[in-house]
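S.K.: Sequence and predicted structure below; questions after.
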Amino acid sequence: MARSFNELNEQEILALAIGAEEDDSRIYGEFAERMKERYPATAQTLISMRDEELGHAHRLMEIYKASYGDHLPLVRRQDVKGFVTRKPIWLSRLLPVDQVRKEVETMEYESRKFYEVAAKRTSNITIRKLLNELALAEASHEEMASGFRDSMMKSGALDAEHEMERRMFILQYIQPGLAGLMDGSVSTLAPVFAAAFATRDSHDAFLVGLAASIGAGISMGFAEALSDDGVISGRGHPYIRGTVCGLMTTLGGIGHTLPFLIAGFGIATAVAVAVVAVELAVIAWIRHRYMDTPLLAATFQVVVGGVLVFITGILIGSA
């Protein structure tokens, strides 16, 4: 069972502090390793903080050995009620850099509070002096964690990291989502409007559109997920990309399928055509906004393709 912090003696408090510093140094090292390619400035700050945490652990170990010898009691975080815990966010495959910065700031705050409380529990002047020094050191780390965004902004490193983050967002979400939206919006036009003009029945057109949208979503989702594991390309987890692509494919087809829930065939068709126009405009805007395609060129490419597929569906359905 966990013990109360107030029940620990000085030897156990030091052992707890040593373990905590070693744990935090490894956490910072893990963060730095994950950040080094995309966010080198943040990674360098984390490496500096990792090295300082190791230095703290070394100082604590020296004073422990001088006071109590070589035997170090096994006192872990989970053995002490209310002691600071660390969320295992480093296990996440998707680790936003802003989340890392916030976690580091929280870690330093909690460490400072621990040393302030621990110093009051010790009667050994030398140990108390060291714990107070470490509390001040953690306070400076806390200020560093909360302020290194400002320093990076002044140096231009933050802009570079934001640009990298933007590129990763485009690779992991926008590209598969856009591919799905284009496929769902354009490829389902022909079967939906072919069924609509062949049967002149809104319900039949709706069923065909629903089947085509869901089928295309499943197909595109699997195709995207299996096309690239993201290890070399940096495009992110394949299951996430596949899910984004599949959902957007289904959404693209469902958009102009839902109007056929309207019983009147003429009204349903008119609304569906209006929805198609909106879908194509949205696709053109996304290509312009995120893929750096000139708006006029993006509109021309999307509209021409969409109109050709739309006409194909009408001609086949009317034959």
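M.R.: Yes, it's here. Note that this is a predicted model, so its numbers are computed, not measured. Numbers count the residues shown, from 1 in each chain.
S.K.: low pLDDT regions in the stretch 1-150 of the chain?
M.R.: Where the stretch 1-150 of the chain drops to pLDDT under 70, the residues are 1, 82, 84, 90-94, 141-150.
S.K.: could you redo the last one with a cut-off of 80?
M.R.: Across the stretch 1-150 of the chain, the ranges flagged by pLDDT under 80 are 1-2, 5, 37-39, 41, 77, 81-99, 101-103, 105-106, 109-110, 138-150.
S.K.: now the strands: where do they sit in it?
M.R.: Assigned strands in the stretch 1-150 of the chain, in chain order: 3-4, 80-81 (criterion: DSSP state E, counting those that start in this stretch).
S.K.: likewise the stretch 201-319 of the chain?
M.R.: Counting by DSSP E, counting those that start in this stretch, the stretch 201-319 of the chain contains no strands.
S.K.: Spit out the contact partners of the residue lying closest to residue 182 once chain neighbours are set aside.
M.R.: Leaving out its chain neighbours, the residue that sits closest to residue 182 by C-beta to C-beta, 6 or more residues apart in numbering is residue 283, at 5.6 Å. (Each C-beta comes from the backbone N, C-alpha and C, glycine too.) Residues counted as contacts of residue 283 (C-beta atoms under 8 Å, 6 or more residues apart in numbering) are 178, 181, 182, 185, 298, 302.
S.K.: and the residue nearest to residue 264 when sequence neighbours are not counted, how far is that from residue 314?
M.R.: Once flanking residues are discounted, residue 264 sits nearest to residue 202: 7.2 Å by C-beta to C-beta, 6+ apart. From residue 202 across to residue 314, the span is 16 Å (C-beta to C-beta, to the nearest Å).
S.K.: same deal with residue 22?
M.R.: 70 Å.
S.K.: coming back round to it: in terms of packing, which of residue 202 and residue 314 has more residues around it?
M.R.: residue 202 (21 against 17; other C-beta atoms under 10 Å).
S.K.: list the contacts for the more buried one?
M.R.: If you count contacts by C-beta under 8 Å, 6+ apart, residue 202 has them with 196, 260, 261, 262, 263, 264, 265, 268.
S.K.: Mind doing that once more with 7 Å?
M.R.: Residues near residue 202 by C-beta atoms under 7 Å, 6 or more residues apart in numbering: 260, 262, 263, 265, 268.
S.K.: of the residues you listed, buried ones?
M.R.: 260, 262, 265, 268 (16 or more other C-beta atoms under 10 Å).
S.K.: With distance to residue 45 and pLDDT added, can I get the residues you listed in a markdown table?
M.R.: Shown next, in a markdown table, are the buried ones among the contacts of residue 202 (distance: C-beta to C-beta, whole Å; pLDDT from 0 to 100):
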| residue | distance to residue 45 | pLDDT |
| --- | --- | --- |
| 260 | 56 | 89 |
| 262 | 59 | 89 |
| 265 | 64 | 84 |
| 268 | 59 | 88 |
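S.K.: Could you tell me how many residues sit around the nearest residue to residue 28 once chain neighbours are set aside?
M.R.: Nearest residue to residue 28 in three dimensions, chain neighbours excluded: residue 50, at 3.8 Å (C-beta to C-beta, 6+ apart). Residue crowding around residue 50 was assessed by other C-beta under 10 Å; the count is 20.
S.K.: and what of residue 313?
M.R.: So residue 313, with other C-beta under 10 Å, has 21 neighbours.
S.K.: wait, it sits on residue 187?
M.R.: No - with contact defined as C-beta atoms under 7 Å, residue 313 does not count as touching residue 187 (10.5 Å).
S.K.: on that earlier part again, which residues sit in contact with the residue nearest to residue 28?
M.R.: By C-beta under 7 Å, 6+ apart, residue 50 lies in contact with 25, 28, 29, 32.
S.K.: any idea which of the residues you listed has the most stuff around it?
M.R.: Taking other C-beta under 10 Å as the neighbour criterion, residue 28 ranks highest of the contacts of residue 50 with 26 neighbours.
S.K.: Extract the C-alpha set from stretch 15-22 and format it as CSV.
M.R.: The C-alpha trace of stretch 15-22 is given here as CSV (Å, rounded to 0.1, in the frame of the first residue of the first chain):
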residue,chain,number,x,y,z
ALA,A,15,15.9,8.2,-2.4
LEU,A,16,12.5,9.4,-3.8
ALA,A,17,14.1,12.6,-5.1
ILE,A,18,16.9,10.7,-6.8
GLY,A,19,14.5,8.4,-8.6
ALA,A,20,12.3,11.4,-9.6
GLU,A,21,15.2,13.3,-11.1
GLU,A,22,16.3,10.2,-13.0
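S.K.: number of nearby residues for the closest residue to residue 24 other than its chain neighbours?
M.R.: Excluding the flanking residues, the one nearest residue 24 by C-beta to C-beta, 6+ apart is residue 53, at 4.9 Å. For residue 53, the neighbour count with other C-beta under 10 Å is 26.
S.K.: Now stretch 3-10 - C-alpha only, CSV.
M.R.: The C-alpha coordinates for stretch 3-10 follow below in CSV (Å, rounded to 0.1, in the frame of the first residue of the first chain):
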residue,chain,number,x,y,z
ARG,A,3,2.6,5.5,2.2
SER,A,4,1.9,9.1,3.2
PHE,A,5,4.7,11.5,2.3
ASN,A,6,4.8,12.7,6.0
GLU,A,7,5.7,9.1,7.0
LEU,A,8,9.0,9.1,5.0
ASN,A,9,12.3,9.8,6.8
GLU,A,10,15.1,11.9,5.3
